[in-house]
Each structure stands twice: as structure tokens, then as C-alpha cells.
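>>> How does the following fold in three dimensions:
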Amino acid sequence: MRHSELWARLDQHLGRGYARVWADTQVLRGLGGRTVEEALAAGEEPKTVWRAVHAALELPARDR
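Prediction:
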């Protein structure tokens, strides 16, 4: 997964305006207590980040 696909999925599920705010403020257990932005800056793969987001938002399996 590319960074652009991760951001597109976040936009789809959270809305374009809110996705960036959420990614910058929401701390996820699945990312070791980091935000999406922090995890990506630390070098986490977008696919790993998406899995944590998917779990945190309790999205349906089809959106994995």
C-alpha cells in the first residue's frame, strides 16, 4: 500500500477535512501509542498503519 492509498482510505471513511485532524490527534494502541502521523514519520509501512486504523474504527472486513 502506498501513502496516497492510505490517505484516500482515511478520507473515504472519515471525510477529507477530518481525516488529517484525526490522524494527527488520535493515539492508537495498534501503533504502540502513536498517532497515524507519528507512526508514518517513524517509518511504519502504510499497510501496518491502515490495519491499526481499520481495527480502531471497527470498519467492516471488506474495507481491509
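
>>> What's the local residue count around H3?
Number of residues near H3 (other CB atoms under 10 Å) recorded here: 11. C-beta here means a position set from N, CA and C on the backbone, and glycine is covered the same way.

>>> List the contacts of the closest residue to it other than its chain neighbours.
Closest residue to H3 apart from its sequence neighbours, by CB to CB, 6 or more residues apart in numbering: P46 at 5.3 Å. With contact set as CB atoms under 8 Å, 6 or more residues apart in numbering, P46 has these partners: M1, R2, H3, E5, L6, L40.

>>> Can you say which of those are buried?
Neighbour counting by 16 or more other CB atoms under 10 Å classes L6, L40 among the contacts of P46 as buried.

>>> if we can go back for a sec, how much space between the residue nearest to H3 and A55?
Separation of P46 from A55 (CB to CB, to the nearest Å) stands at 15 Å.

>>> ok so, going back, of the contacts of P46, which pair is most distant in space?
E5 and L40 (12.7 Å; CB to CB).

>>> Throw the contacts of P46 into a markdown table and include pLDDT, thanks.
Output for these, formatted as a markdown table (pLDDT from 0 to 100):
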| residue | pLDDT |
| --- | --- |
| M1 | 93 |
| R2 | 97 |
| H3 | 96 |
| E5 | 97 |
| L6 | 96 |
| L40 | 98 |
